[in-house]
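Undergrad: Would you be able to build a 3D model of this:
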Amino acid sequence: MNHRSIIASVLASLLLCGSLTGCGADMQNPADTPAGQLISDPDDSAAQMSFSLNLLRETVRNAPDANVLISPYSAMQALAMTANGADGNTRTEMEQALGGLPLKSLNKALKAVHRSMKESKNCGFKTANAVWVNNTDNNLKLQHSFQKIAESDYNAKITCEPFDESARRSINDWCSEQTDGMIPEILSEPISPGTVMYLLNASALDAVWEDRFLEGSEKTFVAHYLRAGSRAQTVPMLESVEQLYLSDEKSEGILKYYEGKKLAFAAIRPDEGMTPQDYLEQVTAEQIFQMLNSPKQIQVNTTIPQFALEYDTSLVPELQAMGMQRIFKPGQADLSGLTEGGNTLFVGDVKQKTQITLDAKGTRAASVTAVEVDSGEEEDVRSIFFNKPFIYIILNTETMTPLFAGILNEIPETS
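TA: As a prediction, this is how the structure comes out:
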């Protein structure tokens, strides 16, 4: 995979200190666990977890030594909205890759998640969808059925304007506004003449911890990522005593709530001798779901890094590997339900930019996903302390929807 850029600043490694005390029993109060708050249909949650794991797995396959940060939630919002303009085998492939739910069921599930976020007072997460249409020739019109679903199920803002420099600025301004400036732009270059539409999702997290880190716990440690070519680094760390312990046959970790317990941060450290990529190749979505949904009440002395990174990529190779094939091929893609006379359209790119900052106060993260719909020639688009590389996930605890997921493989140099 060709990354547009991987920019990072002040990063550390995560150490789970060895003192684990307590009875090790499952939580006695279900209301204190994600399982006790699960409000979505199990099939909906399973589909979203499956898509999230598959997308993370494919991204790591394409960037095995990189720090990875994706937003499965943002990608699913933008792609599912797009799927409502697909038909035939193109639609079938998209439904399967997006977790296997029929599109009507997926629309309903994503609408429920969106509404859940919007209605929460302590969520700290906001999200928005939009569609930009190129009306340079005043002859490109959205299909009424697609526009109705985009507006009703995805609450999408529809904008029609010529795709000139002004449109690029408008799209970037929207991204910046919706992410509180964390993602200032998604389009860094002039819009291609063959591009007729962008379907976008922007999401932003700004959440404080439910239980803060120990006062004055910011310390500097020498951490060593235990993998080939790694080196000792002096990095800023935070200490806390956590109460929710995660484990399965091949990993252990912690679950830490944000204020209001609507969102949580999970850090998962694979067992010795196993890399995050190895773990992702062996674990199933059902196993991840079960572990996140069934933490044990054990005292865990935890040391975690302060870190911040940005990630910029195209998701096309990953989505193709997950079964979305036709939609990226001119002449094979069927997007006839998107616009009137739109049977020659195809998706030229699925761009995603993400950012995360984790410190003593909480976590700020943002993502923008842009599905670029083209009508011209196909372009060649290519597009993560415990004391070793680890996986991290930020999820909605009511629906178990992964909002952000990543792997920290090494500590980026401070610019």
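
Undergrad: Please tell me the pLDDT value assigned to K361.
TA: We have a pLDDT of 89 for K361.

Undergrad: For it, which residues are in contact?
TA: K361 is in contact with V208, W209, R212, counting by C-beta atoms under 8 Å, 6 or more residues apart in numbering. To be clear about C-beta, it is placed using only N, CA and C from the backbone, and glycine gets the same treatment.

Undergrad: What is the nearest of the residues you listed to S367?
TA: Of all the contacts of K361, V208 has the smallest distance to S367: 19.6 Å, by C-beta to C-beta.

Undergrad: The closest one contacts G260, correct?
TA: No. Between V208 and G260 there is no contact under C-beta atoms under 8 Å: 9.4 Å.

Undergrad: Select from the contacts of K361 the one having the most neighbours.
TA: For the contacts of K361, the largest number of neighbours (other C-beta atoms under 10 Å) sits with W209, at 19 neighbours.

Undergrad: Could you tell me which strands the one helix or strand T363 maps to is paired with, and in which direction each runs?
TA: Using DSSP states H and E, T363 falls within strand 362-374. Within its sheet, strand 362-374 is paired with strand 195-208 (antiparallel), strand 346-358 (antiparallel), according to DSSP bridges.

Undergrad: distance between it and the chain's centre?
TA: In this view, strand 362-374 has its centroid 8 Å away from the chain centroid, taken as C-alpha atoms, centre = their mean, to the nearest Å.

Undergrad: any idea which helix or strand comes after it?
TA: The helix or strand immediately downstream of strand 362-374 is strand 390-396, counting by DSSP H and E.

Undergrad: where does the stretch 1-150 of the chain have low pLDDT?
TA: 1-40, 118-122, 137-139 (pLDDT under 70).

Undergrad: Identify each buried residue in the lengthiest strand in the chain, please.
TA: Using DSSP state E to define each element, the chain has its longest strand at strand 232-248. Using 16 or more other C-beta atoms under 10 Å as the test for burial, strand 232-248 gives 233, 235-240, 242-248.

Undergrad: got the angle between the helix or strand that it is followed by and strand 195-208?
TA: For strand 232-248, the following helix or strand on the C-terminal side (DSSP H and E) is strand 251-257. Following axes from the mean of the first three to the mean of the last three C-alpha atoms, to 10 degrees, one obtains 80 degrees for the angle between strand 251-257 and strand 195-208.

Undergrad: Now the common contact residues for V208 and G260.
TA: Applying C-beta under 8 Å, 6+ apart, one finds that V208 and G260 are jointly contacted by G124.

Undergrad: Throw the strands paired with strand 362-374 into JSON lines and include distance to I298 and mean pLDDT, thanks.
TA: Below are the strands paired with strand 362-374 laid out as JSON lines (distance: least, C-beta to C-beta, whole Å; pLDDT from 0 to 100):
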{"stretch": "strand 195-208", "distance to I298": "24", "mean pLDDT": "95"}
{"stretch": "strand 346-358", "distance to I298": "22", "mean pLDDT": "95"}
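
Undergrad: Could you export the ones you listed as TSV, including distance to M81?
TA: As requested, these are arranged in TSV below (distance: least, C-beta to C-beta, whole Å):
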stretch	distance to M81
strand 195-208	5
strand 346-358	12
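
Undergrad: just to revisit the earlier point, how about the longest strand of the chain as CSV, C-alpha atoms only?
TA: Output of strand 232-248 as CSV, limited to C-alpha atoms (Å, rounded to 0.1, in the frame of the first residue of the first chain):
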residue,chain,number,x,y,z
ALA,A,232,15.1,1.7,23.3
GLN,A,233,13.3,5.1,23.5
THR,A,234,12.7,7.6,26.3
VAL,A,235,9.0,8.4,26.2
PRO,A,236,6.3,10.1,28.3
MET,A,237,4.0,7.6,30.1
LEU,A,238,0.9,7.8,32.3
GLU,A,239,0.1,5.5,35.3
SER,A,240,-3.3,4.4,36.5
VAL,A,241,-5.0,1.6,38.4
GLU,A,242,-7.6,0.1,36.0
GLN,A,243,-10.5,-2.2,37.0
LEU,A,244,-11.6,-3.8,33.7
TYR,A,245,-9.3,-6.6,32.5
LEU,A,246,-9.6,-8.0,29.0
SER,A,247,-8.2,-11.4,28.0
ASP,A,248,-8.6,-14.3,25.5
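
Undergrad: Run a quick check on D180 versus D206, I expect a contact.
TA: Yes. Using C-beta under 8 Å, D180 is in contact with D206, at 6.7 Å.

Undergrad: So for the two, which residue has more residues nearby?
TA: Taking other C-beta under 10 Å, D180 and D206 do not tie; D206 has more neighbours (19 against 14).

Undergrad: That one touches I356, doesn't it?
TA: No. Using C-beta under 8 Å, D206 makes no contact with I356, being 11.4 Å away.

Undergrad: between the two, what contacts are shared?
TA: Shared contacts of D206 and I356, counting by C-beta under 8 Å, 6+ apart, come down to R364.

Undergrad: burial count for the nearest residue in space to K256 that is not next to it in sequence?
TA: Computed as C-beta to C-beta, 6 or more residues apart in numbering, the closest residue to K256 that is not its neighbour in sequence is F265, at 4.8 Å. Burial of F265 is recorded as 20 neighbouring residues (other C-beta under 10 Å).

Undergrad: Give me the longest helix you can find in this protein.
TA: Scanning the chain for the helix with the most residues, using DSSP state H, yields helix 42-62.
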